[in-house]
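K.L.:
Please work out how this folds:
(chains A and B)
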Amino acid sequence: LKKLISLNVNAQTYEIEVEPWERLSDVLRDHLNLTGTKRGCDYGGCGCCTVIMDGYAVYSCMLPAPQAEGKKITTIEGLNERDRMDPVQQSFIEHGGFQCGYCTPGMIMASKALLTRNPHPTEEEVRKAIASNICRCTGYKKIVEAILEASKHAVAKNR
Amino acid sequence: VYELGKRGLILPQKLIDISRLGLEYVRREPNGFAVGAMTKLRQLLEHEELMESIEFGALSECVKEFRPHQVRNVATVGGQLCSGYSAFDLPPVLLALDSKVKMRSLEAERTLALDKFFRGYFETALAPGEILTELHIPNPPKGTCSAFEKFERTSVDLATVNVAVRLTVEKGKCADARIWLGAISNTPFRAIRSEEMLRGKRIEEETINHASQTVSTEAKPTDSLTGSGEYKRHLSMVITKRALTRAAGKIKN
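P.N.:
Next comes the predicted model:
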């Protein structure tokens, strides 16, 4: 019952055969080898698998891959331009916004989606945007600091 | 579907993608709003009248505070209803607003009041071969405002208990009221006796206290993973009081 679908991931088009119920997270990792997107809880509770679809953060583990057809998907691998890291990625490094790093791709994609639509979020808005991204190593303080700092850089860049 | 299938609760034989049927829309009509069943919760945010007027306050509070955002970005209005799951947030809200649903099969189309739609645990009035196509939210009468309250264990959890209330006030007195709670039992629960206590009265602190206490005696919540029935009974009083107080405050202002 395989179905041929065409996915636009990180500005590249892929033609792949998938079962209709295969989830985007599995397709990204197992078919396209884009393993930056993590599997955590695997049913929409932890946020590790967050990717951006048409500008909005979504859980890729809860999205049947065929429903992503015709949409623009961005994963963590698609953030850096050539070898330059995205300001959000850079800020996570500078602020130590992770320990083990497993939640990091999801955290960065969720905050990237926020900053794209709302370049100057308040701390509360930041916390709400990553409310459903769970970090089990430590707290969220440095992560929130990293995102707020990244938003300041975006201001500086726009000037 | 994937999750229920994996747990062996259902065995899907066919999976039909209905995301390209053109059911994503919010239309202003003379007598209310028509919302396509595949409209995403996030898309409701873009509709200023629904999000800013106090009549639809319950809906805007529910959608604005809806987390995870990752779910709000893909979850649909129809999905919140058709799953027939009583802990979701949208059913009590839409019930308090006296909404209707339109269902369609190959042969016929029918409209049903939403309070006739929820039948049991994961059970709705949808017949085999039928899909939900449209939701209708009527214009509330003049002097109406509504509010939504939810209690959850973490900021991204399903409700332990949730409630949507609507008050219509005429000449300083309550002409009509709706109180609908979720996560109480298999289907959304309407607190009819509490509504009755509000009708014809001035909406003051004392009236609100009485009505909220009545909720905790008429609602008979079942034990679940999120809390015991007794605990939820207490919560239902607390959140109903908060919701009524906020709705009443909006009318005064």
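K.L.:
Can you give me the neighbour number for B:F33?
P.N.:
Each residue near B:F33 was counted by other CB atoms under 10 Å in any protein chain shown, and the total is 21. To be clear about C-beta, it is placed using only N, CA and C from the backbone, and glycine gets the same treatment.
K.L.:
so B:N186 is in which element?
P.N.:
Under the assignment given by DSSP states H and E, B:N186 is not contained in any helix or strand.
K.L.:
Check the contact between it and B:T124; I expect there is one.
P.N.:
No. Applying CB atoms under 8 Å, one finds B:N186 not in contact with B:T124, separated by 11.4 Å.
K.L.:
So which elements touch the lengthiest helix in chain B?
P.N.:
Taking DSSP state H as the criterion, chain B has its longest helix at helix B:229-252. With contacts defined as 3 or more CB pairs under 8 Å, 6 or more residues apart in numbering or on different chains; DSSP states H and E, helix B:229-252 has these neighbours: helix B:57-64, strand B:144-151, strand B:161-170, strand B:173-182, helix B:205-218.
K.L.:
buried set for it?
P.N.:
B:232-233, B:235-248, B:250-251 (16 or more other CB atoms under 10 Å in any protein chain shown).
K.L.:
for stretch B:190-200, same thing?
P.N.:
Buried-residue list, stretch B:190-200, by 16+ other CB under 10 Å: B:R190, B:A191, B:S194, B:E195, B:M197, B:L198.
K.L.:
what's the answer for stretch B:66-77, then?
P.N.:
B:F66, B:R67, B:P68, B:H69, B:Q70, B:V71, B:R72, B:N73, B:V74, B:A75, B:T76, B:V77.
K.L.:
now do stretch A:12-20
P.N.:
Result for stretch A:12-20 [16+ other CB under 10 Å]: buried residues A:Y14, A:V18, A:P20.
K.L.:
tally of neighbours for A:G96?
P.N.:
Number of residues near A:G96 (other CB under 10 Å) recorded here: 12.
K.L.:
Isn't it up against A:I143?
P.N.:
No. Using CB under 8 Å, A:G96 makes no contact with A:I143, being 9.3 Å away.
K.L.:
List the contacts of residue 23.
P.N.:
Here I'm looking at chain A. Neighbour list for A:R23: A:S60, A:C61, A:M62, A:L63, A:P64, A:A65, B:Y2 [criterion: CB atoms under 8 Å, 6 or more residues apart in numbering or on different chains].
K.L.:
To clarify, I was referring to chain B.
P.N.:
B:G36, B:A37, B:M38, B:T39, B:G78, B:T133, B:E134.
K.L.:
With B:T187 instead?
P.N.:
Going by CB under 8 Å, 6+ apart, the list of residues near B:T187 reads B:G84, B:S86, B:F118, B:R119, B:G120.
K.L.:
Return the residues in contact with A:R29.
P.N.:
A:T35, A:T37, A:R39.
K.L.:
So the residue nearest to B:K232 when sequence neighbours are not counted: helix, strand or coil?
P.N.:
Distances taken as CB to CB, 6 or more residues apart in numbering or on different chains place B:P221 nearest to B:K232, at 3.7 Å, with adjacent residues excluded. With DSSP: H, G, I helix; E, B strand; the rest coil as the basis, B:P221 sits in coil.
K.L.:
Would you quantify the distance from B:E195 to A:C137?
P.N.:
Distance, B:E195 to A:C137, by CB to CB, to the nearest Å: 49 Å.
K.L.:
Next: B:A125.
P.N.:
47 Å.
K.L.:
now do B:S228
P.N.:
Counting by CB to CB, the gap from B:S228 to A:C137 is 33 Å.
K.L.:
can you check A:G40 too?
P.N.:
For A:G40, the distance to A:C137 - CB to CB - is 13 Å.
K.L.:
neighbour-wise, which of the two wins?
P.N.:
A:G40 (21 against 10).
K.L.:
quick one, what contacts that one?
P.N.:
A:C46, A:G47, A:C48, A:C49, A:Y102, A:C103, A:G106, A:I134.
K.L.:
Contacts only, for the closest residue to the last one other than its chain neighbours.
P.N.:
What sits nearest to A:I134 in space, not counting adjacent residues and going by CB to CB, 6+ apart, is A:C46, at 4.7 Å. Contacts were defined as CB under 8 Å, 6+ apart; by that measure A:C46 touches A:G40, A:C103, A:G106, A:S132, A:N133, A:I134.
K.L.:
how about those in TSV, adding secondary structure and pLDDT?
P.N.:
Shown next, in TSV, are the contacts of A:C46 (DSSP: H, G, I helix; E, B strand; the rest coil; pLDDT from 0 to 100):
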residue	secondary structure	pLDDT
A:G40	coil	92
A:C103	coil	96
A:G106	helix	97
A:S132	coil	90
A:N133	coil	95
A:I134	coil	94
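K.L.:
So which of these wins on neighbours?
P.N.:
Counting by other CB under 10 Å, top hit in the contacts of A:C46: A:G106 with 29 neighbours.
K.L.:
isn't that one right up against A:T50?
P.N.:
Yes. Between A:G106 and A:T50 there is a contact at 4.0 Å, judged by CB under 8 Å.
K.L.:
in what helix or strand does the spatially most central residue of chain A lie?
P.N.:
For chain A, the residue nearest the mean C-alpha position is A:M109 (2.6 Å; CA atoms, centre = their mean). Using DSSP H and E, the secondary-structure element containing A:M109 is helix A:104-117.
K.L.:
so after that helix, what's the next helix or strand?
P.N.:
Assigned by DSSP H and E, the successor of helix A:104-117 is helix A:123-129.
K.L.:
who's in contact with the residue of chain B found nearest chain A?
P.N.:
Chain B approaches chain A most closely through B:P68 (3.0 Å), counting by CB to the nearest CB. B:P68 makes contacts with A:G44, A:G47, A:Y59, A:A131, A:S132, B:V156, as judged by CB under 8 Å, 6+ apart.
K.L.:
Could you report the separation of the second one from B:V71?
P.N.:
Counting by CB to CB, the separation of A:G47 from B:V71 is 10 Å.
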